[in-house]
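J.: Got a predicted structure plus its sequence, pasted below:
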Amino acid sequence: MEKKKNTERNNKGGRPPKSTTDKLKYRVTVKLATPDYYTLKSRARSAGISASEYLRECFRKGYVRQRLTAEHSDYIRKLCGMANNLNQLAHKANAGGFDTAKLECRVQVARIEELLNHILL
């Protein structure tokens, strides 16, 4: 009975301990000039991560991929909506014949091409 009480007190729950390879136990101090420091801070902020994580990603991958801007996220949402419209048009064309959906398909394809040009440029 007493052993059971001891184990209950020792097991406090929480997250499991990290492995030795996952622990961040080494500290590297880097001196930067003022322009370099602010460049690091702005790039980390635009990537949506801390400066330390930005530097770790640079070491691991050689580059840090920037998050999508609000504008690009909007384009992707529009593309998803257009893909849904195309699926509906394909269903309509299969059910009622291609002639009824031909013009609508051409309009959707033109809108998709326009949106892709915005994204790529």
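T.: In hand now; what should we look at? Here the structure is a predicted model, which is why all the values come from computation and not from measurement. Numbers count the residues shown, from 1 in each chain.
J.: Buried residues in the longest helix seen in the chain, which are they?
T.: Longest helix of the chain, by residue count under DSSP state H: helix 70-96. Across helix 70-96, burial judged by 16 or more other C-beta atoms under 10 Å covers 75, 85-86, 89, 93. The way it works is simple: take the backbone N, C-alpha and C, and place the C-beta from them, glycine included.
J.: now it: how far from the chain's centre is it?
T.: Its chain's average C-alpha position is 22 Å from that of helix 70-96, according to C-alpha atoms, centre = their mean, to the nearest Å.
J.: Against residue 40, how distant is residue 59?
T.: Distance of residue 59 to residue 40, given as C-beta to C-beta, to the nearest Å: 13 Å.
J.: Which of these two has more residues huddled nearby?
T.: Neighbour count, other C-beta atoms under 10 Å: between residue 59 and residue 40, residue 40 has more, with 16 against 8.
J.: so what's the more buried one up against?
T.: When contacts are counted by C-beta atoms under 8 Å, 6 or more residues apart in numbering, residue 40 touches 32, 51, 54-55.
J.: One more: residue 109?
T.: Residue 109 neighbours (C-beta under 8 Å, 6+ apart): none.
J.: so which strand or helix has it?
T.: Taking DSSP states H and E as the definition, one finds residue 109 inside helix 98-120.
J.: what about dumping the CA coordinates of that helix to CSV?
T.: The C-alpha coordinates for helix 98-120 follow below in CSV (Å, rounded to 0.1, in the frame of the first residue of the first chain):
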residue,chain,number,x,y,z
PHE,A,98,-21.2,19.5,-72.9
ASP,A,99,-22.9,22.2,-75.0
THR,A,100,-24.7,23.6,-72.0
ALA,A,101,-21.6,24.0,-69.9
LYS,A,102,-19.1,24.9,-72.6
LEU,A,103,-19.2,28.7,-72.1
GLU,A,104,-19.1,28.5,-68.3
CYS,A,105,-16.1,26.2,-68.5
ARG,A,106,-14.3,28.7,-70.7
VAL,A,107,-15.0,31.5,-68.3
GLN,A,108,-13.7,29.5,-65.3
VAL,A,109,-10.5,28.5,-67.2
ALA,A,110,-9.8,32.2,-68.1
ARG,A,111,-10.3,33.2,-64.4
ILE,A,112,-8.0,30.4,-63.3
GLU,A,113,-5.3,31.4,-65.8
GLU,A,114,-5.6,35.1,-64.7
LEU,A,115,-5.2,34.1,-61.0
LEU,A,116,-2.2,31.8,-61.7
ASN,A,117,-0.5,34.7,-63.5
HIS,A,118,-1.0,36.9,-60.4
ILE,A,119,0.5,34.2,-58.2
LEU,A,120,3.5,33.5,-60.4
